[in-house]
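Enquirer: 3D model of this:
(2 chains)
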Amino acid sequence: GNSVTQMEGPVTLSEEAFLTINCTYTATGYPSLFWYVQYPGEGLQLLLKATKADDKGSNKGFEATYRKETTSFHLEKGSVQVSDSAVYFCALWVIQGAQKLVFGQGTRLTINP
Amino acid sequence: DTGVSQDPRHKITKRGQNVTFRCDPISEHNRLYWYRQTLGQGPEFLTYFQNEAQLEKSRLLSDRFSAERPKGSFSTLEIQRTEQGDSAMYLCASSVVRTVNTEAFFGQGTRLTVV
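Expert: Predicted coordinates:
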């Protein structure tokens, strides 16, 4: 089946620190991969995505590269800000298969000034 | 605002009561999804529609849950005889059918508290 495993949180960093949140997946078929972000009191927002191997998704200083050989899609940011504090979800979507997003459990990120 | 809209944003109900939530998707989107999110967990798939047809239901969707999308536009999710375990955030999302480069857009959710 399809599943996503994320690095367990919570993660607490100081402002301007380097961020990595690990995400690995198992999929039947060839998935598209996503990172969603959920700010306090808000819904899920798409942060970035990648649709094929070696693609790099990027947005707001965040990046993630689709690594088929390691079945991974780790989220990185070079210098985090307090405003990046949120819950981050890795997700996959197998277009040719079950037509739905499958999410990881989420990683809560807190950035201290 | 042309995003996904959910109503109500918050609902507190007594155990045993019925509740109904509404979702209005982005207008040109033919797919509509319902997810449930409990505290500290990722969203779990409940069901989805393509136009008015309900194409898949999760085993999480017990017979107390029913979802409809009567005209292929808005959708409702009803929970009958609510239980405390139903307390969660109920998320709606919509998308268009594409073979590649598709993505889902989420509403802000309805937070249900069963007391």
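Enquirer: Could you list the contact residues of chain A toward chain B?
Expert: Taking CB under 8 Å from any CB of the partner chain as the criterion, chain A approaches chain B at residues A:4, A:6, A:32, A:34, A:36, A:42-46, A:49, A:51, A:89, A:91, A:93, A:95-96, A:98-106. Where you see a C-beta, it was placed from the backbone N, CA and C, and this is true even at glycine.
Enquirer: Stretch B:78-94 vs chain A: in contact?
Expert: Yes. Applying CB under 8 Å from any CB, one finds stretch B:78-94 touching chain A at B:91, B:93.
Enquirer: first vs last residue of that stretch, how far apart are they?
Expert: Stretch B:78-94 stretches 18 Å from its first residue to its last (CA to CA, to the nearest Å).
Enquirer: low pLDDT regions in chain B?
Expert: B:1, B:98-101 (pLDDT under 70).
Enquirer: Swap in 80 and give it another go.
Expert: For chain B, the stretches flagged by pLDDT under 80 are B:1-2, B:97-102.
Enquirer: Show me which residues of chain B are close to chain A?
Expert: Contact residues (CB under 8 Å from any CB) of chain B with chain A: B:4, B:31, B:33, B:40-45, B:48, B:50, B:55-56, B:91, B:93, B:98-109.
Enquirer: Please list only the buried members of these.
Expert: Buried subset of those (neighbour count, 16 or more other CB atoms under 10 Å in any protein chain shown): B:4, B:31, B:33, B:42-45, B:48, B:50, B:91, B:93, B:102-109.
Enquirer: Give me the subset of the residues of chain B next to chain A that lies in strands.
Expert: Among the residues of chain B next to chain A, the ones falling in strands (DSSP state E) are B:31, B:33, B:44-45, B:48, B:50, B:55-56, B:91, B:93, B:105-106.
Enquirer: would JSON lines of these with distance to A:E63 be doable?
Expert: Shown next, in JSON lines, are those (distance: CB to CB, whole Å):
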{"residue": "B:R31", "distance to A:E63": "28"}
{"residue": "B:Y33", "distance to A:E63": "27"}
{"residue": "B:E44", "distance to A:E63": "28"}
{"residue": "B:F45", "distance to A:E63": "27"}
{"residue": "B:Y48", "distance to A:E63": "30"}
{"residue": "B:Q50", "distance to A:E63": "33"}
{"residue": "B:L55", "distance to A:E63": "34"}
{"residue": "B:E56", "distance to A:E63": "33"}
{"residue": "B:L91", "distance to A:E63": "26"}
{"residue": "B:A93", "distance to A:E63": "24"}
{"residue": "B:F105", "distance to A:E63": "22"}
{"residue": "B:F106", "distance to A:E63": "22"}
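Enquirer: Among those residues, which one sits closest to chain A?
Expert: The closest of these to chain A turns out to be B:F106 (CB to the nearest CB; 4.1 Å).
Enquirer: Spit out the contact partners of the closest one.
Expert: By CB atoms under 8 Å, 6 or more residues apart in numbering or on different chains, B:F106 lies in contact with A:36, A:43-45, B:4, B:91-93.
Enquirer: which phi and psi does A:C90 have?
Expert: The phi and psi values for A:C90, taken as degrees, to the nearest 10, are phi -90, psi 140.
Enquirer: Is it in contact with A:V37, as I believe?
Expert: No. With contact defined as CB atoms under 8 Å, A:C90 does not count as touching A:V37 (10.8 Å).
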